[in-house]
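In: here is a sequence together with a model predicted from it:
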Amino acid sequence: MNIPLIDISPLYQQDHDGKVQVANAIDHTCQHSGFFYITGHPISRERMADMRQLAEEFFALPAAEKLKINIRLSANHRGYGETAAEQLDPSHPGDWKESFDMGLNLPADHPLIGPERPLYGPNQYPDAIEGFQAKMEAHYWDMLALGKNILSALAIALELDETFFDDKFDHPLSVLRFLHYPERPDTTAQAAMGAGAHSDYGCITILWQDEIGGLQVQDVNGHWVDAPPIADTFVINIGNMMARWSNDRYKSTPHRVYSPSGAERYSMPFFVEPDFDTDVSCLPNCCSEGETPKYEPISAGDWMIYCFNSTYAYRAEES
């Protein structure tokens, strides 16, 4: 499998031909591997160094401090997830990582919040780190802008208006995560599995990974291919929602994280997800005339709830 590196800088310029060239490159890889690296984006090296430091500070907090914002205390799946709280591959024990999840920070009395939209609500933030909330929320919106630009390329590839996806992100379900894979002395393959084999739930994922590496992508023959870190890039992959939305034009590819022995690993995925009520039914130009789409329509929020409930034991217990 070849995981291409695509320069997306033309998406930030008033050059239609350049945008089409980028769109075609993204369209091609999304139909085959579903994974690619991007360069030419506006997120600076200094910003990512600051965010990594923030992640290290958070995970270095005492367990009691982190558990004050345990994700189990959140009605909308925000906060700290203990090691092994998430099980991405049902055939393996819980993943050897801890997490922090945040998203659109809505006040508890916001009219969108209610039992019919259970993924909306306030974030949980640690009190012990000064400026944590402001830094997280500024980065959240910058990453969302990057995600929408990538989606504009998919719209161009599908011969839609490049702003097609814009109005579907007024109140996004997008999530920014900090992930920490603690050091593990056990070098057996199963013990070293930081994140089990899975495909992502949503639209697209934008991943920053540290210098340790460990991300592996499954090719069409079932072999695992390394996706090593490349400085100043992000790894982009298609999620199950976009595969469904595109009527399987775009491929959601299984991947996993192998945690090397004797090393800690940090990563920051940003999950680009639309508004809860967004209609996820076959996109224009993704179904031939006279054919029936492969999937029934579903709202983006209902799809995400289904996926969360099948991955986190605590949600299954509550339901």
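Out: Perfect, thanks for sending it.
In: what about the most centrally placed residue in the chain, distance to Asp277?
Out: Computing the C-alpha centroid of the chain and ranking residues by C-alpha atoms, centre = their mean puts Phe271 first, at 2.7 Å. Computed as C-beta to C-beta, to the nearest Å, the Phe271 to Asp277 distance reads 18 Å. Where C-beta positions appear, they are placed from N, C-alpha and C, glycine not excepted.
In: got it, and Tyr201?
Out: Distance, Tyr201 to Asp277, using C-beta to C-beta: 17 Å.
In: which one's more surrounded, the two?
Out: It is Tyr201, of Tyr201 and Asp277, that has more neighbours when counted by other C-beta atoms under 10 Å, with 21 against 14.
In: contacts only, for the residue nearest to the centre of the chain.
Out: Listed by C-beta atoms under 8 Å, 6 or more residues apart in numbering, the contact set of Phe271 reads Ser174, Val175, Leu176, Arg177, Asp200, Tyr201, Gly202, Cys203, Thr205, Gly239.
In: JSON lines for those residues, including pLDDT, distance to Asp109 and secondary structure?
Out: Formatted as JSON lines, the contacts of Phe271 follow (pLDDT from 0 to 100; distance: C-beta to C-beta, whole Å; DSSP: H, G, I helix; E, B strand; the rest coil):
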{"residue": "Ser174", "pLDDT": "98", "distance to Asp109": "22", "secondary structure": "coil"}
{"residue": "Val175", "pLDDT": "97", "distance to Asp109": "22", "secondary structure": "strand"}
{"residue": "Leu176", "pLDDT": "98", "distance to Asp109": "24", "secondary structure": "strand"}
{"residue": "Arg177", "pLDDT": "97", "distance to Asp109": "26", "secondary structure": "strand"}
{"residue": "Asp200", "pLDDT": "93", "distance to Asp109": "32", "secondary structure": "coil"}
{"residue": "Tyr201", "pLDDT": "91", "distance to Asp109": "28", "secondary structure": "coil"}
{"residue": "Gly202", "pLDDT": "93", "distance to Asp109": "27", "secondary structure": "coil"}
{"residue": "Cys203", "pLDDT": "96", "distance to Asp109": "28", "secondary structure": "coil"}
{"residue": "Thr205", "pLDDT": "97", "distance to Asp109": "31", "secondary structure": "strand"}
{"residue": "Gly239", "pLDDT": "96", "distance to Asp109": "31", "secondary structure": "coil"}
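In: now do the SS call for the closest residue to Gly213 other than its chain neighbours.
Out: Nearest non-adjacent residue to Gly213, counting by C-beta to C-beta, 6 or more residues apart in numbering: Pro228, 4.9 Å away. At Pro228, secondary structure determined by DSSP: H, G, I helix; E, B strand; the rest coil is coil.
In: what's around Pro228, how many residues?
Out: If you count neighbours by other C-beta under 10 Å, Pro228 ends up with 14.
In: could we number from 741 for the rest of this?
Out: Shifting the count to begin at 741 puts that one at Pro968.
In: just checking, it touches Asp950?
Out: No. Counting by C-beta atoms under 8 Å, Pro968 stays clear of Asp950, with 11.2 Å between them.
In: ok, Thr903 - contacts?
Out: Applying C-beta under 8 Å, 6+ apart to Thr903 gives the contacts Ser892, Ala895.
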